[in-house]
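A.B. asks: The following block contains a protein sequence and its predicted model.
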Amino acid sequence: ANAGKQVFLEEQTGTIGGHMAMFDKTFPTLDCAACILTPKMVSVGQHEMIRLLTKSRVVAVSGKPGSYRVKIRQNARYVDIKSCVACNQCTEVCPVKVKSEFDAGISLRKAIYIPFPQAVPNAYLVDEKNCTYILSDGKKCGVCMKKCPKECINLNEIDHTIDIEVGNIILATGYELLDVSKIEQYGYGVFPNVLTSIEFERLTNASGTTGGRIVTKTKRFNKKTDKEEWIFSPEGVPPRSVALIHCVGSRNKKYNPYCSRVCCMYSLKFAHLIKEKVPNVNVYEFYIDMRAFGKGYEEFAERIKQEGTFIVRGHSASVEMNDGQMVVRGEDIFNDKLVEFKVDMVVLAVGLIPSPGTEELSRMLGIQRDADGWYSELDYNGSPTDTDKGGIYVAGMCQSPKDIPDTVAQASAVAAGVLGSLTSGKGIGHMSSLTLSEIEARAKTIHTI
């Protein structure tokens, strides 16, 4: 966009920012994730050469490199982006509460909401799956429309389809976490204080439901459901001991045979944040192999050891409840013994998987995927961002698990590749359909011996 080229940015959710917007700190520098990301999001939202299409998905692609025709279905937001000033009056009167996706389900939001305060576009949207007015076909509620001072809410808005023509397509569809409830030995979904990594990110974040306080869940009675439930409250009790378990679903033939690459480092980051925020807490870190591969990562790992975290090499076998107290049992390879620790909270470093829709999009574009479901690059060493379809590139986690610096480097490489094809008027054609005779003929044209 800065080179003066038109960009269409298609986003399935109501805001750009992805998973990084959910993070508190980044390793190994412990910089504020929002401080890095938010200015870039604002720049994208205000850029005259970027057309941002939120709540959208690609439904059809045709054409050839340099002239792709893309059909995009843009779902209704039910709120006019240009008119909305994010005054919050609609949310205050909305009677419907559901779990917040941005807070990984540990807090509630309304049916009309803004994903998070720094969202881009900075405008509200309606959750059509939970809005009483939409579900009742206009027969109930609609109080948000009456309350809006700008009259920018239209709960009768319909989805629409747009067609665009582009020369290049960049896939940056990201990742999701493995469904950890399948791994029953850790008690996720059974014991209230067993959390996934992304849930802990939102718990420790200053913009999260507890204001950044690390606390255990408390039990309360829900009058609407007439049941007791466990919730995070700012008045909750901090844990006295926490276990961080690596490789949950990763490097495991039953789930994901590959390493998710980021889990070791973000678990070490968690250990630091817990030690920093909770006085006199015991932190136990169970790992198989410490894969601190990046610049400054090994030094960060050593720093965590010096801060007093108990680093245990060996796979944890189970999380059990004994007389109301969680107990983590595992192995200590260095000392050749089985160990068990009483803990108040367990944080699971859950393995990463391709985002939903990856398979559908790969079929639509004719892009190959590897055995684990990630998009396949043309050549891992020589062309790590190209695909065998000309003019279609991959960037970030959609190609394989990687950390933020590697993602940024790959995205920059893709941008350079796209600009190269646009400025030269030349690009790489489809490689998957080349016959052996065509490859031999091309080789002869560059043969110098």
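C.D. replies: In hand now; what should we look at? Numbering: from 1, shown residues only.

A.B. asks: Residue ranges in the chain under the pLDDT threshold?
C.D. replies: Along the chain, the parts satisfying pLDDT under 70 run over 431-434, 447-449.

A.B. asks: make it 90
C.D. replies: 220-228, 315-317, 423-449 (pLDDT under 90).

A.B. asks: what's the longest helix in it?
C.D. replies: Identified as the longest helix of the chain according to DSSP state H is helix 404-424.

A.B. asks: what's the next secondary structure element after it?
C.D. replies: With elements assigned by DSSP states H and E, the helix or strand that comes after helix 404-424 is helix 436-446.

A.B. asks: Quick one: distance of that next one to the chain centre.
C.D. replies: In terms of CA atoms, centre = their mean, to the nearest Å, the centre of helix 436-446 is set 43 Å apart from its chain centre.

A.B. asks: Nearest residue to Glu340 in space, please, no chain neighbours.
C.D. replies: Leaving aside its sequence neighbours, Glu340 sits nearest to Arg329 (CB to CB, 6 or more residues apart in numbering; 4.5 Å). C-beta: built from backbone N, CA, C; applies to glycine.

A.B. asks: Contact partners for that neighbour?
C.D. replies: Arg329 makes contacts with 316-320, 338-340, as judged by CB atoms under 8 Å, 6 or more residues apart in numbering.

A.B. asks: and Arg109, what are its phi and psi?
C.D. replies: Arg109 adopts backbone torsions of phi -130, psi 170, taken as degrees, to the nearest 10.

A.B. asks: Does it touch Phe116 like I think?
C.D. replies: No: assessed by CB atoms under 8 Å, Arg109 is found out of contact with Phe116, at 9.8 Å.

A.B. asks: residues shared between the contacts of those two?
C.D. replies: By the contact definition CB under 8 Å, 6+ apart, Arg109 and Phe116 are jointly contacted by Phe102.

A.B. asks: how far is stretch 245-265 from where the chain is centred?
C.D. replies: For stretch 245-265, the distance to the chain centre is 16 Å (CA atoms, centre = their mean).

A.B. asks: start to end distance for that stretch?
C.D. replies: 12 Å (CA to CA, to the nearest Å).

A.B. asks: before we move on, what about stretch 152-172?
C.D. replies: End-to-end span of stretch 152-172 (CA to CA): 31 Å.

A.B. asks: packing partners for the helix or strand hosting Arg202?
C.D. replies: Arg202 belongs to helix 197-204 when elements are defined using DSSP H and E. Contacts defined by 3 or more CB pairs under 8 Å, 6 or more residues apart in numbering; DSSP states H and E place helix 197-204 against helix 263-277, strand 345-350.

A.B. asks: quick revisit: any figure for the gap between the residue nearest to Glu340 and Tyr284?
C.D. replies: Separation of Arg329 from Tyr284 (CB to CB, to the nearest Å) stands at 11 Å.

A.B. asks: got it, and Phe27?
C.D. replies: From Phe27 to Tyr284 the distance is 19 Å (CB to CB).

A.B. asks: Comparing these two, which residue is more hemmed in?
C.D. replies: It is Phe27, of Phe27 and Tyr284, that has more neighbours when counted by other CB atoms under 10 Å, with 24 against 21.

A.B. asks: got the contact list for the more buried one?
C.D. replies: Residues near Phe27 by CB under 8 Å, 6+ apart: 265-266, 268-269, 297, 300, 403.

A.B. asks: possible to save those residues as JSON lines with neighbour count?
C.D. replies: Supplementary listing: the contacts of Phe27 in JSON lines, determined by neighbours: other CB atoms under 10 Å:
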{"residue": "Met265", "neighbour count": "23"}
{"residue": "Tyr266", "neighbour count": "23"}
{"residue": "Leu268", "neighbour count": "28"}
{"residue": "Lys269", "neighbour count": "24"}
{"residue": "Tyr297", "neighbour count": "18"}
{"residue": "Phe300", "neighbour count": "18"}
{"residue": "Asp403", "neighbour count": "18"}
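
A.B. asks: Surely Phe310 is in contact with Asn282?
C.D. replies: Yes: contact criterion CB under 8 Å: Phe310 and Asn282 qualify, at 6.9 Å.
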